[in-house]
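A.B. asks: Any chance you can model this:
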Amino acid sequence: MALVLLGLAAAGVLLPFSSGAAVQAEGLRVTLAAKLANDLLERIVATPTGQIVSTWNGRTETQGQVKDAGDVVFTDPMYTNFSRQVVCADVRVPQESGDLPSNFIRVSIRVGYQGREIATLSRLISK
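C.D. replies: Next up is the predicted model:
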């Protein structure tokens, strides 16, 4: 009986530590995903505005194929489960006339981890 009570007490003490480790690991993944999205956004913003949509729209880096600024796949194992997808589109703000070309490009970057989206970064870029 004492052994059962000791086992229950030990489980009660260890359970918060194990769930805390899981939360910490998830936080690390979200932070890394946000960094991957921001790094790619910096590359997109550095592209001449007339070429952003044609160069980046629809770009997909599948799981394990995420690339660095030099277009080389990351070899570090911590990147193997990440993926990225870019959507770029010309958009109009409500103040713009429908007769004129749009003045903005909306860039959205979605970062996934093991097939689950964990970070999205969107930005309007002025033409």
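
A.B. asks: Can you pull out the low-pLDDT segments for the chain?
C.D. replies: Low-confidence segments of the chain (pLDDT under 70): 5-6, 8-20, 96-98.

A.B. asks: Contacts made by stretch 21-33 with the rest, please.
C.D. replies: 78, 79, 82, 111, 112, 113, 118, 119 (C-beta atoms under 8 Å, 6 or more residues apart in numbering). Yep, even glycine has a C-beta here, placed from its N, CA and C like the rest.

A.B. asks: Serialize these to JSON lines and add fields for distance to residue 4.
C.D. replies: Output for those, formatted as JSON lines (distance: C-beta to C-beta, whole Å):
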{"residue": "78", "distance to residue 4": "41"}
{"residue": "79", "distance to residue 4": "45"}
{"residue": "82", "distance to residue 4": "44"}
{"residue": "111", "distance to residue 4": "46"}
{"residue": "112", "distance to residue 4": "44"}
{"residue": "113", "distance to residue 4": "39"}
{"residue": "118", "distance to residue 4": "40"}
{"residue": "119", "distance to residue 4": "44"}
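
A.B. asks: distance between the ends of stretch 53-69?
C.D. replies: Start-to-end span of stretch 53-69 (C-alpha to C-alpha, to the nearest Å) is 18 Å.
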